[in-house]
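Student: Need the 3D shape of this:
(chains A and B)
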Amino acid sequence: MSYAVSEQTLELQAKATDYGYKLYGLKLSSEIALPAVSHQSDSYDLIVRSGEPLLNDDLPGGRILATLRWKDGRGFTHTETATGYRFHFHGVCEIRSDSARNSLTAHLLPGASQGLVPLLIAGNTLAFLLTFEGECVLHASAVALGETAVAMVGRSGTGKSTLAAWLCGAGASLITDDILRLQRCGSGFQCVPGTPYLRLRQGATSLAEYFPPNASFWTVDARLAVRLETIQQALSLGAIVIPQPSRSRTDIEFKRLRGPAAHLALLSYGRLGALKANDVLSRQFDWLADLAMAVPVYEVAIPWGPPFDAHIARAFEDMLGLKKPYAGVLA
Amino acid sequence: MAMKDQLSCDLGGQGAVLSLKTDLYYELNGVGQRIWTLLQQPIAITEIRDTLLKEYQVEPAQCEQDLQRFIEDMWAEGLLEIQEETA
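Tutor: Residues are numbered from 1 along each chain as shown, chains lettered A, B, ... in the order given. Next up, the predicted model:
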């Protein structure tokens, strides 16, 4: 498909029937329902459309900016062409931006179900779109303890969402799950609110009991999700933690990483392994260096859970140096 | 001078270099970071030595020996391009 000028002009007009959202600081108008906070506006940063299905699963042309393939064939290949970005999710869909990067059109691939498309738009696509545009984006969940944010960074399956859910159950407020956009603020960084949904891994679904019954539902990729009230203003990032759950531990221990150790940890646990364009990689490398210098980074050895003991909440408050009235917010 | 296919940064007096060829990450101490900064453009090794002797309290022989080893290590890792000096 091509993006003729007349189509673009037409596409960029938000329709009255569209959903309005705010996600990672972007105002979105979408004809596809997205897992994001509703937000109506007179103007939007990005218009999301559903396009015609594609006839095959061929790799998109252009310069490869990011790619990752799993053994089972799943994965993605994102490219930059003369007409914008192409976010290709093998076997599922291709999402195309226009050259001005202010519209996204989703095209299903043959035999694919459209159920995953909203997750891929609100997740991987926007994360890489912001990354390609030079923004600082972490593979992280974040919660607010009082007026300070703490981000959980780590590989998939290491407990980012689990810890975020437990902290929210104990009184913290959700900022985002899985994708965290950061913006420089003075000498530090602030977290930009993201998705209001926490997706729990198998084994952590008991955490849903902390929240109202109608807040939980099963997603199309068989994860139990919990919808929470999210913080809607950007909050200062007080610390970054890298959870390291251990079945043999009974206590929690924070180990501060400094300088190159902190920088390497942030590089290791991000999505940088997928980046293939040196200009994009270079910008993220510099962002993470600034972040490692500005915000304390901790490896956190944590007992396996859930359930988690209440003293873990106290330990997080102590680590952030919270003082009243925020100390003691966590149950 | 430093090869182009690497990324480097200053981390508060220390430094880091990431090789884009091998994905290996190298930590630099304060002096290493200073040398790496000087290597971002073509420079004679003697000029680096003289700069270090001005900025650090070190015996000239020790400085030359440590600098030589640093240059050799970084060159062996494919991070440096070395040209013979022309008269």
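
Student: drop to CA atoms for contacts and neighbour counts, all remaining ones
Tutor: Will do.

Student: Apart from its chain neighbours, what residue comes closest to the residue of chain B found nearest chain A?
Tutor: Per C-alpha to the nearest C-alpha, the residue of chain B with the smallest distance to chain A is residue B:11, at 5.4 Å. The shortest distance from residue B:11 to any non-neighbouring residue, by C-alpha to C-alpha, 6 or more residues apart in numbering or on different chains, is to residue A:259 (5.4 Å).

Student: how near is the one you found to residue A:289?
Tutor: Here residue A:259 is placed at a distance of 8 Å from residue A:289 (C-alpha to C-alpha, to the nearest Å).

Student: Looking at the two, which is more packed in?
Tutor: Under the criterion of other C-alpha atoms under 10 Å in any protein chain shown, the comparison of residue A:259 against residue A:289 puts residue A:289 first, with 25 against 20.

Student: Give me the phi and psi angles of that one.
Tutor: The phi/psi pair for residue A:289 (degrees, to the nearest 10) reads phi -60, psi -50.

Student: can you pull the contacts of the closest residue to it other than its chain neighbours?
Tutor: Counting by C-alpha to C-alpha, 6+ apart, residue A:289 lies nearest to residue A:263, which is 5.6 Å off, once chain neighbours are set aside. By C-alpha atoms under 8 Å, 6 or more residues apart in numbering or on different chains, the contact set of residue A:263 is A:288, A:289, A:291, A:292.

Student: what about residue A:263, helix or strand, and which?
Tutor: Using DSSP states H and E, residue A:263 falls within helix A:259-268.

Student: Buried residues, that helix. List them.
Tutor: Under the neighbour-count criterion of 16 or more other C-alpha atoms under 10 Å in any protein chain shown, helix A:259-268 has A:259, A:260, A:261, A:262, A:263, A:264, A:265, A:266, A:267 buried.

Student: what's the spacing between the fourth one and chain B?
Tutor: Here the distance between residue A:262 and chain B works out to 10 Å (C-alpha to the nearest C-alpha, to the nearest Å).

Student: For chain B, which segments count as strands?
Tutor: B:6-11, B:14-19, B:25-28 (DSSP state E).

Student: Output those strands as TSV; include the columns distance to residue B:78, mean pLDDT and mean neighbour count.
Tutor: Listed next are those as TSV, based on distance: least, C-alpha to C-alpha, whole Å; pLDDT from 0 to 100; neighbours: other C-alpha atoms under 10 Å in any protein chain shown:
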stretch	distance to residue B:78	mean pLDDT	mean neighbour count
strand B:6-11	10	94	21
strand B:14-19	8	94	21
strand B:25-28	12	95	18
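
Student: Go through these and name the closest to residue B:82.
Tutor: With C-alpha to C-alpha, the closest approach to residue B:82 among the strands of chain B belongs to strand B:6-11: 15.5 Å.

Student: Who are the packing partners of that closest one?
Tutor: Applying 3 or more C-alpha pairs under 8 Å, 6 or more residues apart in numbering or on different chains; DSSP states H and E, we find strand B:6-11 packed against helix A:278-294, strand B:14-19.

Student: Can you add distance to residue A:193 and give those back as TSV?
Tutor: Converted to TSV, the helices and strands packed on strand B:6-11 look like this (distance: least, C-alpha to C-alpha, whole Å):
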stretch	distance to residue A:193
helix A:278-294	18
strand B:14-19	31
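
Student: Name the spans of chain B whose pLDDT lies under the cut-off.
Tutor: Along chain B, segments meeting pLDDT under 70 span B:85-87.

Student: which parts of it sit against chain A?
Tutor: For chain B, the residues in contact with chain A (C-alpha under 8 Å from any C-alpha of the partner chain) are B:7, B:9, B:10, B:11, B:12, B:14, B:15, B:16, B:20, B:25, B:27.

Student: same thing but 10 Å
Tutor: Residues of chain B found near chain A (C-alpha under 10 Å from any C-alpha of the partner chain) are B:5-18, B:20, B:23, B:25-29.

Student: any chance of the contacts of residue A:263 in a markdown table, plus pLDDT?
Tutor: Putting the contacts of residue A:263 into a markdown table (pLDDT from 0 to 100) gives the following:
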| residue | pLDDT |
| --- | --- |
| A:288 | 96 |
| A:289 | 97 |
| A:291 | 97 |
| A:292 | 97 |
